[in-house]
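Asker: build the 3D model from these lines:
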Amino acid sequence: MRRYFLRALGAHLRGGRALFALAVAGVALGVGAVLSIQILNQSALGAFTGSVRALSGDAQLSVVGRGPTLPDELLPEVLGTAGVAAARPLLRLEVALEGERGAALELAGADLFSAAGRRPFELPRVRLAEVLARPGWVAVTPQLARERGWAPGTKLAVSLGSRRATLEVGALVDFQRVAPLASRRLAVMDLAQAQALLGAAGRVSQLDVVAAPGASVEDLTRRLEARLGPGYRAVTPEQRVAEAGALLAAFRLNLTALSAVSLFVGGFLVYASTQAALARRREELGVLRCLGATRAQVLALVLGDALVLGALGTAAGVPLGWLAARANVGAVSATLRNLYLLEGVEAVTLGPGLVALGVGLGLLGALAGAVLPALDVAREDPRALLSRRAEASPGRTPPRLAALGLLALAASAALALGPLRRWPYAGFGLALGVLAAVPLAAPLLLRAAGRLRPPRRLGVAFGARDLAAHLRATAVPAGALAVAVSMLVGITVMIGSFRHTVEDWLSATLRADVYVTSPSWRRGRTDAVLAPEVVARLAAAPGVRRVERLRQVTGEVLGRRVPVSGFDAAPAAGRVQLLAGDPAAALAKVAGEGQVLVSEPLARKAGLAPGDRLAIDFPAAGARAGPRRYVIAGVYRDYGSEGGAILMDLAALAEAAGPGPLTNVALDLAPGADVEGEVARLRREFQGEALVVRSNRTLRTEVLAIFEQTFAVTRLLQGMSLVVAVAGVALALLVLARERSAEVALLRALGATRGQIFRLFVGRALGIALAGLVLGAAGGAGLALVLVQVINPAWFGWSLALHAPWRVLASQGALLLTAAVAAGIYPAARASRTPATELARDAL
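Answerer: Numbers count the residues shown, from 1 in each chain. Next up, the predicted model:
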C-alpha cells in the first residue's frame, strides 16, 4: 500500500498541478498569517525581556516603587536585609536625540565601577578617572553607532522634558551579546552623572538585588517588602515580563484571532482540492476496495495525500510568515512604543517552538480540510465508486446547512449576550458564530440564484446562474470567499468607526490653537517636564491670549499604575467628552469640589461610575502619605490608552502629590491670528529650548498618522485572507473545467464557440464572487457589530460610534470582483480549448 501511495501521489500531482499548487498556496498563506503574528507577539515580549536581561543580568529581584522612581537612599536598607548579596541601583530614562523627530536613547544610569555583583554587559577597559573627567560620558551600542556614524568622542545633544544635556560617546557596549533581542538604542552612563545632567538627583528606577547563595527568593521577597514598607515591591524578572505581557494581552489576542481567519479560509481550499481529487479517483478507489483494501486504508490513503499537501504548504508558509513579520516589525514596534510605552521590536526571531507551531498548524489544517471528503469516500460502497459519476442532487442539504448556521449564530449570541456577557472571550465566540453561519448559507444562496429566469444566450449570465447545478464544486469557494469578505468588511467598518470616533473626540478635546510639549514627552511622560521659566516665557509671548496647563504624575488605583493629569478645570468646559451627563456641571465639581474624572477604559475595567468614591495613592507624596479618596464627577472618553487615566484640577493634584512642574501647555491665540505663522514664530523664539511646538491641525494629523500605523498589520491580514479566498475561485473553476470537460465538449458539439465557453466560465467566476460578496457583506455587518459593540468595550474599554466608510467599502467590492474575474481567466481559457472530440459517456 505504501508503494502504491507514492506512485498514485506522483500521478495525482502530474495530473492536477494547478489544483495542487493552489491548495498548497492556501495552506502556505494561512500558516504564514498565523505564524507572522506569533513571531511578532513573541518578539514584542522578547524585546522587553532582552532589555531586562541586558541591564539587570543575574539579579533575581528588582525593588521598584509604585511610581516611576524611588529614592536611592533605600540602597543601605536593601543591602542590610538578610539574604542580599549585592544590590545595584539603576536609573532608566528615555531621552530625545535632538535634530530628528522621534529619535531617542533608552538611557541607563548605572554604578559602572561598583563591585556589587557581576554586571550583565561587558564594559570596555576604561578608567574611572576618564569617565568622571568627561561629563556626559556614555557607552552606546555598536549597531546604533554604525547606523548614525558615531565614534568615540562624538557629541550627542539630548533632552528630557525641556532640560537639555550633551553626552559624549566614550565606548561601545554590545547589549545584544547578552540578549539578542535587546534594543540597539540602549545606552549606559555613570549613575551620578545621569542624575545630575537630567534632573533626577537622588532618584533611581529600580534596585537590582542579587540573592546570597542558598537564599530563597520567595523568603527574600517577603523580607524586603516587610522592611521597606507598603510603598515598594520586590519583583522577579519573570513577574516584570508577565506584567508587560498583561499590558499587551488584548493587542496580541486580537491579532491572533484575525490571523486565524486566513488559516480557516485556507482549510476550505484543502477541502475543495481533496474533493476534486476524489471525484477524479472514484473508480480507482473503487477498484482498490474490490481488491481488498479496507475503508481504513482508503481513509489513510486520502489523508496521506492531505498530509503531503500540508507539508508542502507548511514548508512555504514558515518562511513566508517570517518574511511577513519582518515586513511589519516597524508598525508593531511603533504601536508598542506609542500606545503601551514598551520597548520597540527591532528584530524578529524564529525559534524551534514557533517552527513547531507552524508545522502543527499546517498539517492539522490540511487534515481538517480533507477529513470530511475522506470519510465520505471511505464509507461509500465499492459499487457506487465504480458506477457512473454524477453529481448528487443537493436535495434538502442547502436549507439544512443554512438552518445549522443560523442555529450556531443564535446559540453563540444567546451565550455572549446572556449568561457569558461579562466573560471577555464571549465576544470572540459570537464572532466565530457569525463566521460559521456565513459559509453555511452559501449553498442556499446559489440554489436560489439558479431559480432565476434563464438567459437566452450562453455567456456570462448563464455561467453565473449555472452555479446551482454544481453546488459541490462552487459552494465551498463561495463560502470561503464570504468568510474573507466578512472579515474585510467587519474590520473596515471597525477601523472606520474607530477613526470617525477619534476624529470627533479630537474635535471636542483639541480646542486650543497651539500645543507645546517636549521632544521626549511621548515616552518620557512624567519625567519629561517643562521648566517653569519656559512656561512663563510662553505665557508672556506676543499674541498668546491664554495658557492652559497640564501636569501628569503616576498614581496607583486598585493595584495598577494609572496616569493622573492635573489641568485647569475651570476654563475647560466643552473640552472633555463625557459618556453621559453635563460636562460643564462635572467640570464645576472638579474645579470647585475637588472631584475627579475617570476615563472610560478605567471605568469599565474597574466597574466605576459617577458618584462612586475612588482611592488614589500618589507615590510622589511619599510612602506614608496614604491613599486619598475622591468622588467621581463623570466618566470621560479617552482613546489615548487602554489602561485608563484620571483627570483632576491642578490645585487638587498639587495638594495630593505636592507641587511640581508642568508636562504640557496649550496656547489660545487672539481671534483671527495666523496660527501657522505664530507657530513658526514661537519655534524661532524658542529654538534654543527643547520644545515641540505644534498647531492644532498638525497635532491632529500626527495623531491620525499614529492611528493608521496601529492598524497596518490588520490590513496585511485582511489582504492575505482575500488572496487565499480568490485562489479558491480559481481552484473551483479548474475543478469544473476538469470534471465537466465532457459537458463542455457537448456544448462545443452543439455549436458553442470558444468565446462562449470562455464567457461561461468567467460568468461562473463572477457568480461565485457576487455570492461571496453578498454573504460577506451580511456577515461583515454582523462582525462589525460584534467588534464595535462587544469585543472593543470588553478588551480595550472604548465605546465607538458605528460608522460605515461607504466609499472604501465600494472600492473594496469593486477590487474583489475584479480579482475574482481575473482569477477565472486561466480556467476559462483552459476550458474554452476543450475540443468536441472529448465527448464521453459521462456527458450522456
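Asker: hey, let's count contacts and neighbours off CA atoms from now on
Answerer: Will do.
Asker: give the other helices and strands that the helix or strand A588 falls within contacts.
Answerer: With elements delineated by DSSP states H and E, A588 resides in helix 583-593, which encompasses its position. Applying 3 or more CA pairs under 8 Å, 6 or more residues apart in numbering; DSSP states H and E, we find helix 583-593 packed against strand 628-636, strand 646-649.
Asker: helices of the stretch 151-300 of the chain, start to end?
Answerer: 191-197, 217-228, 237-247, 249-280, 282-290, 295-327 (DSSP state H, counting those that start in this stretch).
Asker: what comes up buried for the fifth one?
Answerer: The neighbour-count criterion (16 or more other CA atoms under 10 Å) identifies 282-283, 285-289 as the buried residues of helix 282-290.
Asker: other residues contacting that helix?
Answerer: Around helix 282-290, the neighbours that count as contacts under CA atoms under 8 Å, 6 or more residues apart in numbering are 295, 298, 377, 382-387.
Asker: okay, those in JSON lines with neighbour count, distance to V557 and pLDDT next?
Answerer: Formatted as JSON lines, the entries for the contacts of helix 282-290 read as follows, by neighbours: other CA atoms under 10 Å; distance: CA to CA, whole Å; pLDDT from 0 to 100:
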{"residue": "R295", "neighbour count": "19", "distance to V557": "64", "pLDDT": "84"}
{"residue": "V298", "neighbour count": "21", "distance to V557": "63", "pLDDT": "81"}
{"residue": "V377", "neighbour count": "22", "distance to V557": "62", "pLDDT": "81"}
{"residue": "P382", "neighbour count": "19", "distance to V557": "71", "pLDDT": "80"}
{"residue": "R383", "neighbour count": "13", "distance to V557": "73", "pLDDT": "76"}
{"residue": "A384", "neighbour count": "13", "distance to V557": "71", "pLDDT": "74"}
{"residue": "L385", "neighbour count": "20", "distance to V557": "69", "pLDDT": "74"}
{"residue": "L386", "neighbour count": "17", "distance to V557": "73", "pLDDT": "72"}
{"residue": "S387", "neighbour count": "11", "distance to V557": "74", "pLDDT": "66"}
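Asker: quick one: which of these sit in helices?
Answerer: Among the contacts of helix 282-290, the subset assigned to helices under DSSP state H consists of 295, 298, 377, 382-386.
Asker: look at A469 and tell me its secondary structure.
Answerer: Look at A469: counting by DSSP: H, G, I helix; E, B strand; the rest coil, its state is helix.
Asker: which stretches of the stretch 601-750 of the chain form strands?
Answerer: Along the stretch 601-750 of the chain, the stretches classed as strands by DSSP state E, counting those that start in this stretch are 613-616, 628-636, 646-649, 664-669, 692-695.
Asker: so what touches the fourth one?
Answerer: Spelled out, that is strand 664-669. Applying CA under 8 Å, 6+ apart, the set of residues contacting strand 664-669 from outside is 512-518, 529-530, 535, 539, 543-551, 675.
Asker: can you point out the buried residues in that strand?
Answerer: When neighbours are counted by 16+ other CA under 10 Å, the buried residues of strand 664-669 are found to be 664-669.
Asker: off-centre distance for that strand?
Answerer: Relative to its chain's centre, strand 664-669 lies at 34 Å (CA atoms, centre = their mean, to the nearest Å).
Asker: what are the pairing partners of that strand, and which direction each?
Answerer: When sheet partners are counted by DSSP bridges, strand 664-669 sits next to strand 514-517 (antiparallel), strand 544-557 (antiparallel).
Asker: pick the most deeply packed of these.
Answerer: Per-stretch averages of neighbours, counted by mean count of other CA atoms under 10 Å, single out strand 514-517 among the strands paired with strand 664-669, with a mean of 22.
Asker: so which of the strands paired with strand 664-669 gets nearest P213?
Answerer: Of all the strands paired with strand 664-669, it is strand 544-557 that lies closest to P213, at 34.5 Å by CA to CA.
Asker: flag the shaky bits of the stretch 201-350 of the chain, pLDDT-wise.
Answerer: Along the stretch 201-350 of the chain, the parts satisfying pLDDT under 70 run over 243-251, 254, 258, 261-262, 265-266, 268-269, 272-273, 275-281, 334-345.
Asker: now the contacts of helix 282-290 as JSON lines including distance to F498?
Answerer: Conversion of those to JSON lines gives the following (distance: CA to CA, whole Å):
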{"residue": "R295", "distance to F498": "54"}
{"residue": "V298", "distance to F498": "52"}
{"residue": "V377", "distance to F498": "48"}
{"residue": "P382", "distance to F498": "57"}
{"residue": "R383", "distance to F498": "59"}
{"residue": "A384", "distance to F498": "56"}
{"residue": "L385", "distance to F498": "55"}
{"residue": "L386", "distance to F498": "58"}
{"residue": "S387", "distance to F498": "58"}
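Asker: of those residues, closest to T474?
Answerer: When the contacts of helix 282-290 are compared for distance to T474 (CA to CA), V377 comes out closest, at 19.2 Å.
Asker: can I get the strands paired with strand 664-669 in TSV including distance to G369 and mean pLDDT?
Answerer: As requested, these are arranged in TSV below (distance: least, CA to CA, whole Å; pLDDT from 0 to 100):
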stretch	distance to G369	mean pLDDT
strand 514-517	55	92
strand 544-557	49	89
